[in-house]
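Asker: Okay, sequence plus prediction incoming.
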Amino acid sequence: MQRDPRTYRDFEFNLRELAGSMGDFGTLFPLAVGLIAVNRMDPVALFVMLGLTNIVTGLVYRLPMPVEPKKVVSVAAIAQGWSPSLVAASGMGLGITWFLLVLSGLMRKIVAITPIYLIRGIQLALGITLGVQAVQMAAPEPWWGLLAVGAIVLLKDNRYAPASLLIMGFGVLLMALRGDLLPNLTFSVALPRFQMPRPGEVWQAMVLAGFAQIPLTLTNAVLATSTMIRDLFPDKPVGEERLMVNMGRDRHRS
């Protein structure tokens, strides 16, 4: 399905846009919580940088561009108990890698030899994977999962009550009714504390998980994203090399 450019502006904010902003909650938020709880990353620094990156990508691309975690690195970091500086080192190493791929011309060659059916297969596999994860998470109380699916089907085209907003709001309300919200809710003000990687940690992080992250990023965050943008926003195509250069700058994509 292609959008009609006459009915959309570069910057538009409504309930459906707000609902769309929650698209990464299923993958980004759990990994972020894991990095905070297990790896002791500073939550203020992490969420401030994620927020700034979302704002910058919106201003640069003028599109609803996703900002996702580096899934392979994040899972490895949580499972192996990395230090915050080692997590930061993985971002630095991958950022350097993206620049090298573009400057060397290798990215252009990768795009040229990658068939479109491979990209479509990746998109299908990711959708199936997320669906399986959703079923597993809903298994203890399946009626809530069925209720969420029903809301999605009934409200998929509703501009005034988007399904994701309704489901998120209901989830918060359910926590409050069960008494799980207020005891764990605190407010405070703090400045972000950024962790600089130590010498040698960049290579260590790349060996542990960074090199394994590269194929996923190339296929999912670059090739598949660029193809999706051309499908949904044909008047605003974004090339693979541009995506790669920007990932080298912000180092926050999957």
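Answerer: That came through, no problem.

Asker: Only C-alpha atoms from now on, for both contacts and neighbour counts.
Answerer: Will do.

Asker: so where is the stretch 1-150 of the chain shaky, pLDDT-wise?
Answerer: Scanning the stretch 1-150 of the chain with the threshold set as pLDDT under 70 gives 1-11, 24, 26, 130.

Asker: can you check the stretch 151-254 of the chain too?
Answerer: The model of the stretch 151-254 of the chain has pLDDT under 70 over residues 248-254.

Asker: can you give me the helices in it?
Answerer: Using DSSP state H, counting those that start in this stretch, the helices of the stretch 151-254 of the chain run over residues 163-178, 201-205, 211-216, 225-232, 240-250.

Asker: can those go into JSON lines with extra columns for distance to residue 84 and mean neighbour count?
Answerer: As requested, the helices of the stretch 151-254 of the chain are arranged in JSON lines below (distance: least, CA to CA, whole Å; neighbours: other CA atoms under 10 Å):
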{"stretch": "helix 163-178", "distance to residue 84": "30", "mean neighbour count": "14"}
{"stretch": "helix 201-205", "distance to residue 84": "11", "mean neighbour count": "19"}
{"stretch": "helix 211-216", "distance to residue 84": "18", "mean neighbour count": "16"}
{"stretch": "helix 225-232", "distance to residue 84": "29", "mean neighbour count": "18"}
{"stretch": "helix 240-250", "distance to residue 84": "17", "mean neighbour count": "20"}
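
Asker: Adding distance to residue 144, write these out as a markdown table.
Answerer: A markdown table is the format used below for the helices of the stretch 151-254 of the chain (distance: least, CA to CA, whole Å):
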| stretch | distance to residue 144 |
| --- | --- |
| helix 163-178 | 10 |
| helix 201-205 | 39 |
| helix 211-216 | 32 |
| helix 225-232 | 31 |
| helix 240-250 | 37 |
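
Asker: closest to residue 124 out of these?
Answerer: In terms of CA to CA, the element of these nearest to residue 124 is helix 225-232, at 12.4 Å.

Asker: what about the spatially most central residue of the chain, which SS state?
Answerer: By CA atoms, centre = their mean, the chain has its centre lying nearest to residue 68, at 1.7 Å. Taking DSSP: H, G, I helix; E, B strand; the rest coil as the rule, one finds residue 68 in the coil state.

Asker: Give me the phi and psi for it.
Answerer: Per-residue torsions, residue 68: phi -120, psi 160 (degrees, to the nearest 10).

Asker: who's in contact with residue 101?
Answerer: Residue 101 sits next to residue 107 when contact means CA atoms under 8 Å, 6 or more residues apart in numbering.

Asker: Run through the neighbouring helices and strands of the helix or strand residue 44 falls within.
Answerer: If you go by DSSP states H and E, residue 44 is part of helix 43-61. On a contact count with 3 or more CA pairs under 8 Å, 6 or more residues apart in numbering; DSSP states H and E, helix 43-61 meets no helix or strand.

Asker: Measure how it sits relative to helix 240-250, angle-wise.
Answerer: Angle, helix 43-61 to helix 240-250, by axes from the mean of the first three to the mean of the last three CA atoms, to 10 degrees: 150 degrees.

Asker: Quick check: residue 83 touching residue 37?
Answerer: No. Counting by CA atoms under 8 Å, residue 83 stays clear of residue 37, with 11.7 Å between them.

Asker: Between these two, tell me which one has more neighbours.
Answerer: Set side by side, residue 83 and residue 37 show more neighbours around residue 83, with 18 against 13, by other CA atoms under 10 Å.

Asker: So what's the residue count around the closest residue to that one other than its chain neighbours?
Answerer: Leaving aside its chain neighbours, residue 83 sits nearest to residue 39 (5.7 Å; criterion: CA to CA, 6 or more residues apart in numbering). For residue 39, the count of nearby residues is 22 (other CA under 10 Å).
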